[in-house]
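Chemist: this one's structure only:
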């Protein structure tokens, strides 16, 4: 067992920075938050701090549907934490405010993505209750964090964050995290509707998957952990995650650390945004859905999106020119790691110190509960294989919802705008389009140079 350092913490800030640099999988830090004042932030305590201040809650039905409940399909109410607590305690009347329309037996509630800097803008001293400096992020506290308060069943749809990684502190209650590695992306059937610039959502309800529609999900490698109060979870960049609250009330604090994003990723995201906004802003019979995630401020114009595309492509060209230009001060080539930091010629060997104070999130051993006797599942559709309809497993199958379930008549699904988008914005397609754009721009630059 590693000895505690002089600050009574298992690791020093410098040690944690080194650990985070080498961690390739989710892991839980234990006993790193001892003494943090934020551990007093129970829902009851926060209710006293906020008084009559209104907070926006997202409400969803508890019933199982085999489809993700995206944030665009939820109900939203503005209420105080006092109303929320009264509702969770099964009180009635004016004490529950706008919650009175939503029986607790049928709904869960979630105050999610609440920026602490905004929630406590009149009480900035509370920012200091969060001590991310203990993790080596000097000067980072609650001001750069978000607050999450929910009831049992409250959840975040399965998604990945494209620009950075997460450190999540559990304060009250327990949350269960279901995490999937980046290599499982095709098995999770990615979609950009709802659209959020920094997130990609999965079409699969990962707790109750419909394997008839999404057969490749059989091979998804779920890593599952239940986060306890005081523990901090590290979620690496590009790891998919679905989060569910287990206890009557849960409170957590999330710090999203943005990493340097390479120029090619910027081009890919610019192309994605331009295509989504162009198709979803066009009037059509099937474009009546709420396609922008509530975290997005609004749809940008096509001119704005194309300017973003051009700036991103130009940044790639500029970086390529810089790499081709010899550095007379140091003839050695510059090597960068995944975080964009310059690598030294020789990296000292490092072994992540897993043990009582740092535990890896293990892959779940059991299967998804589907047997070979299930007549609706094709066991020929192994991950990475091609389905009988000729599509790769990463493409959308939304159209199959409209197919006929009986009789000899062949199905005649209607292809919607969202189906088209799921195919156009498939990661493999976007990667190829990005490559073609950069090649076109490079060719244009060469032609523009006088001979």
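Modeler: Yep, it's here. Fair warning: this is a prediction, and the values are worked out from it, not measured in the lab. Numbering: from 1, shown residues only.

Chemist: you'd agree residue 187 is up against residue 216?
Modeler: Yes. The criterion here is Cβ atoms under 8 Å, and residue 187 meets it with residue 216 at 4.5 Å. Where C-beta positions appear, they are placed from N, C-alpha and C, glycine not excepted.

Chemist: Show me the contact partners of the lowest-mean-pLDDT helix or strand in the chain.
Modeler: The helix or strand of the chain with the lowest confidence, counting by mean pLDDT, DSSP states H and E, is helix 427-448 at a mean of 87. By Cβ atoms under 8 Å, 6 or more residues apart in numbering, the surrounding residues in contact with helix 427-448 are 185, 190, 264, 267-268, 271-272, 309, 313-314, 316-317, 320, 392, 394, 423.

Chemist: what separates residue 115 from residue 186, distance-wise?
Modeler: Between residue 115 and residue 186 the distance, using Cβ to Cβ, to the nearest Å, works out to 33 Å.

Chemist: need the strands for the stretch 51-200 of the chain, in chain order.
Modeler: In the stretch 51-200 of the chain, the segments counted as strands under DSSP state E, counting those that start in this stretch are 55-61, 75-79, 107-115, 146-150, 155-161, 164-172, 175-180, 190-196, 199-202.

Chemist: pLDDT on the fourth one, on average?
Modeler: To tie it back to what came earlier, the one meant is strand 146-150. Throughout strand 146-150, pLDDT has a mean value of 98.

Chemist: swap in the first one?
Modeler: This predicted structure assigns strand 55-61 an average pLDDT of 98.

Chemist: Of all the strands of the stretch 51-200 of the chain, which one is nearest residue 287?
Modeler: Residue 287 sits nearest to strand 190-196 of all the strands of the stretch 51-200 of the chain, at 10.5 Å, using Cβ to Cβ.

Chemist: Which residues does that closest one contact?
Modeler: By Cβ under 8 Å, 6+ apart, strand 190-196 touches 70-72, 200-203, 272-273, 276-277, 280, 289-293, 295-296, 394, 396, 418, 421-422, 425-427.

Chemist: Which of the residues you listed fall within helices?
Modeler: 272-273, 276-277, 280, 418, 421-422, 427 (DSSP state H).

Chemist: unless I'm mixing things up, residue 110 is touching residue 154, no?
Modeler: Yes. With contact defined as Cβ under 8 Å, residue 110 counts as touching residue 154 (3.9 Å).

Chemist: These two: which has the busier surroundings?
Modeler: It is residue 154, of residue 110 and residue 154, that has more neighbours when counted by other Cβ atoms under 10 Å, with 26 against 22.

Chemist: what residues are up against the more buried one?
Modeler: Neighbours of residue 154 in contact, by Cβ under 8 Å, 6+ apart: 60, 108-110, 112, 244-245, 250.

Chemist: out of those residues, who's nearest residue 304?
Modeler: residue 112 (27.9 Å).

Chemist: how far does stretch 54-69 stretch from start to finish?
Modeler: The straight-line separation of the ends of stretch 54-69 (Cα to Cα, to the nearest Å) is 24 Å.

Chemist: For that stretch, buried residues please.
Modeler: The neighbour-count check on stretch 54-69 (16 or more other Cβ atoms under 10 Å) flags 55, 57-60, 68-69 as buried.

Chemist: now stretch 116-124
Modeler: 116, 119-120.

Chemist: Make CSV from the residues you listed and add distance to residue 103 to it.
Modeler: Compiled in CSV, the buried residues of stretch 116-124 are given as follows (distance: Cβ to Cβ, whole Å):
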residue, distance to residue 103
116, 31
119, 27
120, 31
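
Chemist: Show only the entries of the residues you listed found in helices.
Modeler: Within these, residues falling in helices by DSSP H are 116, 119.

Chemist: List the contacts of residue 160.
Modeler: With Cβ under 8 Å, 6+ apart, residue 160 has these contacts: 182, 185, 199-200, 238-241.

Chemist: of all these, which comes closest to residue 26?
Modeler: For these, the nearest to residue 26 is residue 239 (6.2 Å; Cβ to Cβ).

Chemist: Need the winner for burial among the strands of the stretch 51-200 of the chain.
Modeler: strand 146-150 (a mean of 25; mean count of other Cβ atoms under 10 Å).

Chemist: Please identify the buried residues of stretch 42-58?
Modeler: For stretch 42-58, using 16+ other Cβ under 10 Å, the buried residues are 42-43, 46-47, 50, 55, 57-58.

Chemist: Spell out which two among those residues are the most distant pair, please.
Modeler: Greatest spacing in these, by Cβ to Cβ: 42 and 58 (20.4 Å).

Chemist: any idea how the protein splits into domains?
Modeler: 13-258, 263-337+426-448 (automatic domain parsing).

Chemist: List the beta-bridge partners for the closest residue to residue 153 other than its chain neighbours.
Modeler: Spatial nearest neighbour of residue 153, excluding adjacent residues (Cβ to Cβ, 6 or more residues apart in numbering): residue 108 at 3.7 Å. Counting by DSSP bridges, residue 108 is bridged to residue 60.

Chemist: dump the residue contacts of residue 108.
Modeler: Counting by Cβ under 8 Å, 6+ apart, residue 108 touches 59-60, 62, 150-155, 245.

Chemist: Residue 64 contacts residue 210, correct?
Modeler: No. The criterion here is Cβ under 8 Å, and residue 64 misses it with residue 210 at 10.8 Å.

Chemist: and the end-to-end length of stretch 147-167?
Modeler: From start residue to end residue, stretch 147-167 stretches across 12 Å - Cα to Cα.

Chemist: So which residues of the stretch 251-400 of the chain form strands?
Modeler: Using DSSP E, counting those that start in this stretch, strands in the stretch 251-400 of the chain cover 358-360.

Chemist: Quick one: low-confidence residue ranges for it.
Modeler: Low-confidence segments of the stretch 251-400 of the chain (pLDDT under 70): 325-348, 366-400.

Chemist: returning to what we had before: any chance of JSON lines for the domains of the chain, columns distance to residue 413?
Modeler: As requested, those are arranged in JSON lines below (distance: least, Cβ to Cβ, whole Å):
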{"stretch": "domain 13-258", "distance to residue 413": "11"}
{"stretch": "domain 263-337+426-448", "distance to residue 413": "13"}
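
Chemist: nearest to residue 359, of these?
Modeler: domain 13-258 (5.0 Å).

Chemist: show me where the stretch 201-350 of the chain has helices.
Modeler: 263-280, 302-324 (DSSP state H, counting those that start in this stretch).

Chemist: any idea which of these is most buried?
Modeler: Counting by mean count of other Cβ under 10 Å, the most buried of the helices of the stretch 201-350 of the chain turns out to be helix 263-280, with a mean of 20.
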